[in-house]
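K.L.:
Sequence below, structure please.
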Amino acid sequence: MSISLAAVAGVLAALLEISVVPGLTNLVQPHLVFMITVVSTSMIGVEEGLAIAFLGGLMTDLLLPGHQLGGSSLVLLVMAAAAAVIGRLLPPRHVGSAVLLVLALAIVVGPLQIVVLA
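P.N.:
Numbering: from 1, shown residues only. Take a look at the predicted model:
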């Protein structure tokens, strides 16, 4: 996957997260950009994960009213870096390890977003 394709994936994930997902459910709304960032970082490569994190976070901040510009990008870039570091300890390009990585980092992303976007 090239960097430009990863950038398009980040923008599309942000658009889906903002426009389609809120209409599907009222209870739980998945953070698509976060999940795609972590999975692509662990399965494809660090550069692609960083591109998805930066552009997906930037689009999220631009489309949601009241968000600080760059706040979501900062949180997602930190999560991509954490996924890259932790991913070195797990089996490479393994679906199970990517799922465990998403679940582990999902515990951290919420409080980190509260601190950064507050």
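K.L.:
what does the least confident helix or strand in the chain by mean pLDDT rub up against?
P.N.:
Lowest mean confidence among the helices and strands of the chain (mean pLDDT, DSSP states H and E): helix 21-24, at a mean of 78. Counting by C-beta atoms under 8 Å, 6 or more residues apart in numbering, helix 21-24 makes contact with 29-30, 32, all of which sit outside it. For every residue, glycine as well, the C-beta is placed using N, CA and C.
K.L.:
So, low pLDDT: which residues of the chain?
P.N.:
1 (pLDDT under 70).
K.L.:
after the least confident helix or strand of the chain, next one along is what?
P.N.:
Following the chain from helix 21-24 toward its C-terminal end, the next helix or strand by DSSP states H and E is helix 32-43.
K.L.:
wait, what's in contact with Gln29?
P.N.:
With contacts defined as C-beta under 8 Å, 6+ apart, the neighbours of Gln29 are 17, 21-22.
K.L.:
Which of these ranks first by neighbour count?
P.N.:
By neighbour count, taken as other C-beta atoms under 10 Å, the most surrounded of the contacts of Gln29 turns out to be Glu17 (23 neighbours).
K.L.:
Gly87 versus the closest residue in space to that residue that isn't next to it in sequence, what's the distance?
P.N.:
Closest residue in space to Glu17, ignoring its immediate chain neighbours: Leu32 at 4.3 Å, by C-beta to C-beta, 6 or more residues apart in numbering. According to C-beta to C-beta, to the nearest Å, Leu32 stands 20 Å off from Gly87.
K.L.:
what's the answer for Val28, then?
P.N.:
With the distance defined as C-beta to C-beta, Val28 ends up 26 Å from Gly87.
K.L.:
Same list (the contacts of Gln29) but as JSON lines, adding distance to Ala53.
P.N.:
Formatted as JSON lines, the entries for the contacts of Gln29 read as follows, by distance: C-beta to C-beta, whole Å:
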{"residue": "Glu17", "distance to Ala53": "13"}
{"residue": "Val21", "distance to Ala53": "18"}
{"residue": "Pro22", "distance to Ala53": "21"}
